[in-house]
Structure formats: C-alpha cells, structure tokens
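In: build me a model:
(2 chains, ligands or ions: 2)
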Amino acid sequence: MAQLTLDKLNKRYGESAQVIKGIDLHVNSGEFVVIVGPSGCGKSTLLRMIAGLEDISGGDMYIDGTRVNDDTPSERGIGMVFQSYALYPHMSVYENMAFGLQLAKMPKAEITRRVEESARILQLEPLLARRPKDLSGGQRQRVAIGRAIAREPKLFLFDEPLSNLDAALRVQMRMEIAALHRRLKSTIIYVTHDQVEAMTLAQRIVVLNRGNVEQVGSPLELYDHPANEFVAQFIGSPKMNLLPGTLVGSGDTESIVRLWHGKTLTVPIATPASAEGTRVKLGIRPEHIEWGAVADAPYLADVLFVEHMGNETYHYLDSGKLGDPWVVRNSRRSDIAAGETVGYSLPPEHCHLFDETGKAFARRAPGKGAGRIPGADAPPITFAEPARTNALH
Amino acid sequence: MSHNSRTLPPSAAVVPPPAASAQGRKRSLQQRRARAAWLLVAPALILLFAVAGWPLLRTLFYSFTDAAMDTPEEYNFVGLANYLDFAEGERFGVLADPLWWQAVGNTLWFTACSVSLELFFGMLLALLMNEKFRGQGLVRAAILVPWAIPTIVTAKMWGWMFHDQYGVVNDLLLRVGLIETPLAWIAEPTLSMWAVVIADVWKTVPFMALMLLAALQMIPSDLYEAARVDGASAWQRFRRITLPLIMPAMIVALIFRVMDALRVFDLIYVLTSNSEATISISGYAREQMVSFQEMGVGSAASVLVFMMVAGIAACFLWINRFSHEGKEARE
Ligand SMILES: Nc1ncnc2c1ncn2[C@@H]1O[C@H](COP(=O)(O)OP(=O)(O)OP(=O)(O)O)[C@@H](O)[C@H]1O
Ligand SMILES: [Mg+2]
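Out: Residues are numbered from 1 along each chain as shown, chains lettered A, B, ... in the order given. Ligands and ions are numbered 1, 2, ... in the order given. Now for the predicted structure:
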C-alpha cells in the first residue's frame, strides 16, 4: 500500500487552458480518498495525471516518496478502473484479468492463482470464460475492478466507476467497493461527481472546482464546516439554502445578521469587526429549517410545491424576488399542499455564514446536538404537525 | 379465422388476411416480415440478375461453343473442348495452354505482392492518420487522390515515370546512385511485373488505408489506456488490442482487394501492353476474345477467371466466419 503526494500539480492544454491549477494533496497509505466536483472541474484529468495517462505540465508527484512524474502507468504500479469499464472485447473475463500479468511475464501458475483469487473476491468465478458482451453492467464493472485487483497495485484509481449503472446497482456496488477497501486495505483514489458516493465511501473528500481544491476533509467535516459557499452547496442533497443579508453586529462568539426582509438573527459564529456592514449570506440546510405556528413564527412563506419521497417530504418555499425557492426537508409526512402559507424559523445553531467572496466564517457550533444559544431571537417552535394558515397574502 | 380476428381491432389488420385460406390461420408476424423483406429486396435481385447473372450465364453458354466474335449467332456445341480437349495425342484448350498457366502465375504473383504491400503500407498510413496532428483533415483528403484517379491515367502516368530514358524513376535512382545505367522498367520481363505492382500499390493503398482507418476509429481510446495501465508496450498494444479488433474490417478490405487484383486488366494492359511477362488471366481472356476472335475460348477463360475469383472469395469468407477473434470483435 502506498502513499501519494501531489506537489503543486499543474495541467495545461496548449497555452491558454489551465485545467488543474496547482494541487497539493497527500494521501495516506490505505486511505480511501474521494475526489468530487461538478462536471468539467478536472477530476478525470487529475486522476489520469496520477495514473500516468496524461502528462504533468508542472509540479511533482510522489508515490511512497519516489518522484514518478516520468514513469509509465505500469511503472507507477497503479490499477485503474475506467468509467466505461474499458474491458477488452475480444478477450474472455479470465484473459482480461490475466492480460497485465502476462505482459509482466509472470509464471503461469501465479497468473492463475491471482486471477482466481480476484474472481473469488468479486464472485466472478462462474463468468471467467465469458466475453464482456455477455455480461451485465454490474458484472462488467466487477471484471474491471477484478482486472485492477489482479495486478495487486499499490494504488487504485477509480474514475466514476458507477455512473453507468442503475440506481439499485449503484448502491450495491458502492457497498461492494467499501467492503473491498476494508478487505484489501489498499490506497484508493476515487473520482465521482455524485456527492452521495463521496459521502458514503470516503474517509476523506477532496472537493475540486475549476481545477482548484476547495476543501479537503472527512465527510462530516465538510458537511458541518464547509469552508465556502461552493462546498456548502455541493455537499448535501437537497443543497443548502442561502439567504442574503447584511452583517450588522460582529463578535468573537456571536454575530447579528439582518436578513433580506429586515428581521435580524443572532448566530453563534465569530466574525471580525472589519466585516461589519458587509453583505453576507446565511446558509441553512433543508433539514434544519423548522416549521412554526403562523402566529408565532418569525417568517412566513408560501409553499410553491411539495415532493413526497415517502420517508420524507420536501417543501419548496417561495423566496420572492430572491430567485430559487428555499427547500425544507421534513422527515415526517405532511399534508401541506402547494399554495398554502407556512411559518418557519431558522435555528441559529444550524446556520452558516459566508462573506461576500463566498468564504465561510468559522462556526463554533458543530452541526448536531448543540445547545440552543439563549437570547437568540426567534426561538424555534416545533410542532408535531406543521402549523399553517390558509390566509391569503 | 373469426376467433382470431375477433381479438384484433379492425384497423390492426394491415395485411388483409388471405380469404378462406386452407389452414384458416393468420400468418405469423415473422412470416409477414419475411414476405415484406423479399418484396423489398426483389428489385435489387432482379437488377443484379440482369447485369451480372445473365451475362454470366451467356458466357458460360458460349464457353461450350465454337462461336467467333464477329458472328456470335453461328455456333456449334463443342462440349468442354474449349477448356480441355484431347486430339491425336495432343492436348488443346485453355487449360492446356502454357500462356494460360503463365497468366495464372502472373495474376497470383501480382495479387500476392500488391495486396500484401498495400496491406502493409495501408496499415502504416492508417495508424499515422489515426494519430492526432495538425492538418489531419487535409492529409486524409489528399491521400484519396491516387484512388480517385482513373486507372488508365494512373497507368499512363506511371508509364512515363518508368520510361527508360525520360522517366523520373530512373533519373532519381541514377542521382541517388543506386543504379549506374537506366533500367528498362517496362521492357525488361523481370522488372515489368514490379512496375505494375508499384503502380497498383500506389493507386490502391488509399483505399486500404481508409478502410483500416475507419476500423481503427471504432476502437475506443480507453482500451489503449487500459492496456497502458496493464503495462503493454506500443507493439503489444498493436498486436494484442488493435490487430484483433480491426481483423474483421481488415478481412473485408482484403477480400475486396484480392478480388480486384485477381481481375486486374487495365493497368497491366496500358502499362505493359501485351507482354507475356505480365499478362493476367483477364488479359488472356481478352486476347482470346478480341485479338483471336475466339469467343468460345475467351468465354471459357472468362469462366475460369470467374471460378478462381469466386473460389478465393469464398475461402476468405469462410476464414472470416470461422476466425474466432473476428467474430467476437465484430460487435
Ligand atoms: N485535450 C483537452 N484539451 C483542452 N481541454 C481539455 C482537454 N481535455 C479536457 N479538457 C478540459 O479540461 C476540463 C476538465 O476535464 P475533465 O475530463 O477532467 O472533467 P471532469 O471533472 O472529469 O468532468 P466529468 O465529471 O464530466 O467527467 C474540462 O473543462 C475540459 O474541457
Ligand atoms: Mg470525468
């Protein structure tokens, strides 16, 4: 198992397009790191640079302390699973897995042992004689993984390996990959644009945006303490609501924000005095917005539409001129219908605050289980059933 | 009948059921499909018979007669005499003619040489064009030029280039110092076949290259990347990935080229006229038919040409069908 170190890694295509902009990253031995980001942010490019399939334009890359910039993929000792599986169509499953070993001039008996071992781990034994075209998507994916395993690489690279599978199979393969990592204890770098995959698989997540690393951290760190607006909105589904406002009071423990409609909210977030008077954005996750009685609730909004998931319900609240509706996520069923008006409140301990540039102010409170801050205005009032009114506005 | 049609809305009966057919059963969907398919290919089949089948049958017919070219309606049946005949202890007929066997040898030699050279150079060009470089589109268009030039023009052009006194080929070779005296490319029997092969390769390499290029472009690039990760060298990638995957297209291209080469006539005729050193089987048939006015013998030779080409094509198809790799890579 290997460590990987990236030192100011750069990639440019031609003169103008810089796709990877100086990435520093250290991946520990045996670690499962997920690189996540929106489409076109450079995830595949970065992974292919690590693999040695793409030249490195600048910076250095080390595997176990050895500089590998100029090594071929096989010299780097990596195994890669491609998004499209990239199985050799003219070879059987066995031959697909044995190909790399044959090229390495390994003794026949050893090849057989390794292929059979990988096939056993991935339950591919009954399929060894088949051709890729006679396999289902999930089986192909397993063969692609098996081909990587058989070579016993120091470093596994996965490029969106599940994106061609249907939802159910994706969940299953996700668990299989997690189990595989526990079993092989290998270093894995896994690329995806699906934040659910990132959250469930990763020990550490690297959020990539336009060739820059936005934040690196454990899944819950990223969820509870996003470093900026981008990470806040990218991690978590449905995404975090952002409410515009102005910082009217700063402090080491609390800050006061005047929201767009004039009401103020005191949040347990430290802000410097210099930021006072600047525009900020208050972030709150859909599951943290709480319903209140229309009479007492600090805020009112019309429900635009409702999505019933069965186990939970999403209400989309009209944000007026601010654009996208807020999303409220309820773990209970609800009979509130579109067109009704509801009251809601924003529990301060769950709020995030971002400055004008989108950078987060440090939160004191962890996401869950924090005590309420006494004196914060608009204490949330929760009811078993959301209160509402049919009054017209 | 009625119990079947009751379940269908009236509009569903697109094909009217055959009235009171013996079995009283509606044709199955598959049968109807087969019928439609036959109807659709019928015009093509009829056309094919008119332009290919009928002349072939006529040729076959004349090959059993002693008709002459200027009076084809006056003929006697002579059986297989045009092919092979024994009289007074001697053998006659096409198959007994040493020139025929010389033509067969020439044709096979020409086919083997030019098709394998075309395959080699075509593959090189295709691999080259498959790489990304500036001016790729221009090169792909330019490479087609030799293929687009009519064979007669090609032959004339190469005839001049191979000219022993004024030809550019001799001039170049002299300047480089490879030869000391000009070579008689066309007149010298040992060289003239090579002159023909070179001209043919020049003309048909583009076809081969484009066929192979099309096949190369069907191979997803991530297969090569997977092979690189597996540690395959450039040669191993070509040998183990590229070659098996383009094999079906390559065999089709080879069939086309071999059949074309076996029928070669115009290039040889224009470049080296009636030289025995280069005469092909088609040239032999033409000579019997046109120069000697022997319609029967010429027809017999033509039938033999046809049988040879058809036989070799059938062999190729058979190899293609039973080549395991080819079958797998086709999809
Ligand atoms: N050969 C190239 N020349 C110029 N730009 C390129 C080239 N290859 C990729 N890019 C650019 O690099 C950026 C990153 O591409 P990359 O494939 O790494 O994205 P990605 O994060 O993997 O996206 P996705 O999630 O859609 O796979 C894209 O904006 C793309 O347009
Ligand atoms: Mg990608």
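In: ok, now which ones touch the residue in the stretch 101-250 of chain A that ligand 1 sits nearest to?
Out: Closest approach between the stretch 101-250 of chain A and ligand 1, counting by Cβ to the nearest ligand atom: A:His193, at 4.4 Å. Using the backbone N, CA and C atoms, a C-beta is placed for each residue, glycine as well. The contact partners of A:His193, taken as Cβ atoms under 8 Å, 6 or more residues apart in numbering or on different chains, are A:Val36, A:Gly37, A:Pro38, A:Ser39, A:Lys43, A:Glu160, A:Ser163.
In: and of these, the nearest to A:Ile205?
Out: A:Val36 (5.9 Å; Cβ to Cβ).
In: look at that closest one and report its pLDDT.
Out: Per-residue pLDDT puts A:Val36 at 94.
In: I'd say it and A:Thr192 touch.
Out: Yes: under the contact definition of Cβ atoms under 8 Å, A:Val36 touches A:Thr192, with a separation of 5.7 Å.
In: between the two, which contacts overlap?
Out: Residues touching both A:Val36 and A:Thr192 (Cβ under 8 Å, 6+ apart): A:Lys43, A:Ala198.
In: higher neighbour count, these two?
Out: Taking A:Val36 and A:Thr192 together and counting by other Cβ atoms under 10 Å in any protein chain shown, A:Val36 has the greater number of neighbours (27 against 24).
In: which non-adjacent residue is nearest that one?
Out: A:Ala198 (4.1 Å; Cβ to Cβ, 6 or more residues apart in numbering or on different chains).
In: with B:Glu74 instead?
Out: Nearest residue to B:Glu74, sequence neighbours excluded (Cβ to Cβ, 6+ apart): B:Ala67, at 6.9 Å.
In: now do the same contact list for that neighbour.
Out: For B:Ala67, the contacting residues are B:Glu73, B:Glu74, B:Tyr75, B:Met295, B:Gly296, by Cβ under 8 Å, 6+ apart.
In: and for A:Gly65?
Out: A:Gln3, A:Thr5.
In: distance-wise, check it relative to A:Ala2.
Out: Computed as Cβ to Cβ, to the nearest Å, the A:Gly65 to A:Ala2 distance reads 10 Å.
In: then B:Leu95?
Out: In terms of Cβ to Cβ, B:Leu95 sits 73 Å off from A:Ala2.
In: flag the shaky bits of the stretch 251-393 of chain A, pLDDT-wise.
Out: Applying pLDDT under 70 to the stretch 251-393 of chain A flags residues A:365-393.
In: give me the residue from it nearest ligand 1.
Out: Residue of the stretch 251-393 of chain A nearest ligand 1, by Cβ to the nearest ligand atom: A:Gly358 (20.2 Å).
In: and chain B, by the same measure?
Out: B:Lys132 (9.2 Å).
In: can I get the contacts of A:His193 in JSON lines including secondary structure?
Out: Shown next, in JSON lines, are the contacts of A:His193 (DSSP: H, G, I helix; E, B strand; the rest coil):
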{"residue": "A:Val36", "secondary structure": "strand"}
{"residue": "A:Gly37", "secondary structure": "coil"}
{"residue": "A:Pro38", "secondary structure": "coil"}
{"residue": "A:Ser39", "secondary structure": "coil"}
{"residue": "A:Lys43", "secondary structure": "helix"}
{"residue": "A:Glu160", "secondary structure": "coil"}
{"residue": "A:Ser163", "secondary structure": "coil"}
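In: pick the one among the residues you listed closest to A:Gly79.
Out: A:Glu160 (15.8 Å).
In: can you tell me the helix or strand for the closest residue to B:Ala249 other than its chain neighbours?
Out: The shortest distance from B:Ala249 to any non-neighbouring residue, by Cβ to Cβ, 6+ apart, is to B:Ala215 (3.4 Å). Here B:Ala215 sits within helix B:189-217, counting by DSSP states H and E.
In: the strands in the stretch 151-300 of chain A, which residues?
Out: A:155-159, A:187-192, A:204-209, A:212-217, A:241-249, A:255-259, A:264-267, A:279-284, A:290-292, A:299-308 (DSSP state E, counting those that start in this stretch).
In: report the contact partners of B:Ser302.
Out: B:Thr59, B:Ser63, B:Ala285, B:Met289.
In: which ones are touching the residue nearest to B:Ala249?
Out: When contacts are counted by Cβ under 8 Å, 6+ apart, B:Ala215 touches B:Leu245, B:Ile246, B:Pro248, B:Ala249, B:Met250.
In: the third one: which element?
Out: Secondary structure assignment for B:Pro248, by DSSP H and E: helix B:243-262.
In: are there helices or strands packed against that helix, and which ones?
Out: Applying 3 or more Cβ pairs under 8 Å, 6 or more residues apart in numbering or on different chains; DSSP states H and E, we find helix B:243-262 packed against helix B:98-130, helix B:189-217, helix B:295-322, helix B:324-329.
In: quick revisit: among the contacts of B:Ala215, which ones are buried?
Out: Neighbour counting with 16 or more other Cβ atoms under 10 Å in any protein chain shown marks B:Leu245, B:Ile246, B:Pro248, B:Ala249, B:Met250 as buried within these.
In: out of those, flag the one nearest to chain A.
Out: B:Leu245 (6.1 Å; Cβ to the nearest Cβ).
In: just send the strands of the stretch 151-300 of chain A back as a markdown table, with distance to B:Thr111 too.
Out: What follows is these, written out as a markdown table (distance: least, Cβ to Cβ, whole Å):
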| stretch | distance to B:Thr111 |
| --- | --- |
| strand A:155-159 | 47 |
| strand A:187-192 | 52 |
| strand A:204-209 | 58 |
| strand A:212-217 | 62 |
| strand A:241-249 | 74 |
| strand A:255-259 | 86 |
| strand A:264-267 | 86 |
| strand A:279-284 | 76 |
| strand A:290-292 | 85 |
| strand A:299-308 | 70 |
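In: what residues does chain A put near ligand 1?
Out: A:Tyr13, A:Ala17, A:Val19, A:Gly37, A:Ser39, A:Gly40, A:Cys41, A:Gly42, A:Lys43, A:Ser44, A:Thr45, A:His193 (Cβ under 6 Å from any ligand atom).
In: sweet, I'm off.
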